[in-house]
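Visitor: My questions concern the predicted model and sequence given below.
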Amino acid sequence: AAAAAAAAPEDEGDEEGDEEFEIDDQPDSNGLLQCPVCGRRFAEDRLEKHKKICEKNKTKKRKAFDLRKQRMVNAEQAQFVANADRTDKIYEKKAKKTNWRAQHENFIAAIRAAKDPDAPPAPPAVNPDFVMCDGCGRRFNEDAAARHVPKCKERAKGKRK
């Protein structure tokens with residue numbers, strides 16, 4: 001029963017790298033001793049040196065390894081990596097949730113209305129993703145609206161004078 005209780009993992013160590021294990025002071029069949037910090041096994045003459053390093057490294061947080069930086073050899077490759085990072089940011093910006101289902105339903109309704117010559121034309125669908133210009137009432141996507149709205153406001157100021 002004591003062996004089963006010792007083998008059961010304890011849930012008290014919530015921090016990463018705070019693993020609980022049973023420390024074995026006796027050498028195993030290969031003559032290796034267990035490190036009290038990490039639990040790995042080492043030869044008796046190497047254990048002291050490892051223990052010093054292991055205690056020092058246990059408190060440090062390792063930074064993530066960047067394979068791109070490791071593989072970079074020259075400036076041309078560095079420029080390529082910078083461009084790739086910029087491209088990644090652009091796609092992250094554009095990757096937003098779309099309302100494809102509503103667009104699909106509007107498209108199907110427009111096709112059905114076009115097939116029936118007696119039916120009135122389908123009303124134009126308003127895309128909720130578009131931004132409406134206060135000056136002219138037209139709708140634009142976010143990027144185009146950022147360019148258009150200031151110009152339209154300037155034109156409206158010029159007409160008022």
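Guide: Alright, I've got the coordinates. Numbering: from 1, shown residues only.

Visitor: Only C-alpha atoms from now on, for both contacts and neighbour counts.
Guide: Noted.

Visitor: Next secondary structure after the lowest-mean-pLDDT helix or strand in the chain?
Guide: Ranking every helix and strand in the chain by mean pLDDT, DSSP states H and E puts helix 2-7 at the bottom, with a mean of 44. Once helix 2-7 ends, the next helix or strand along the chain (criterion: DSSP states H and E) is strand 32-34.

Visitor: Summarise which helices and strands the helix or strand that that following strand is followed by is packed against.
Guide: Counting by DSSP H and E, the next helix or strand C-terminal to strand 32-34 is strand 41-43. Under the contact definition 3 or more CA pairs under 8 Å, 6 or more residues apart in numbering; DSSP states H and E, strand 41-43 sits against strand 32-34.

Visitor: just the helices in the chain please.
Guide: 2-7, 44-59, 67-71, 75-94, 100-115, 142-160 (DSSP state H).

Visitor: which stretch among those comes nearest C35?
Guide: Closest approach to C35 among those (CA to CA): helix 44-59, 6.5 Å.

Visitor: Now do that closest one, average pLDDT.
Guide: Confidence for helix 44-59, expressed as mean pLDDT, is 87.

Visitor: swap in stretch 84-94?
Guide: Here the average pLDDT along stretch 84-94 is 69.

Visitor: what about the residue of the chain positioned farthest from its centre, distance to E105?
Guide: In terms of distance from the mean C-alpha position of the chain, D118 ranks first, at 51.8 Å (CA atoms, centre = their mean). D118 is 21 Å from E105, where distance means CA to CA, to the nearest Å.

Visitor: cool, A146 as well?
Guide: 29 Å.

Visitor: Give me the residue ranges of the protein where confidence is low.
Guide: Low-confidence segments of the chain (pLDDT under 70): 1-24, 73, 81-82, 91-97, 160-161.

Visitor: try 90 this time
Guide: Per-residue confidence for the chain (pLDDT under 90) gives these ranges: 1-42, 44, 46-48, 50-103, 105-131, 134-137, 141-143, 153-161.

Visitor: Output the helices of the chain in CSV, with distance to G31 appended to each entry.
Guide: What follows is the helices of the chain, written out as CSV (distance: least, CA to CA, whole Å):
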stretch, distance to G31
helix 2-7, 22
helix 44-59, 8
helix 67-71, 38
helix 75-94, 49
helix 100-115, 66
helix 142-160, 68
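
Visitor: A125 is nearest to which of those?
Guide: So among the helices of the chain, helix 100-115 is nearest, using CA to CA, at 6.6 Å.
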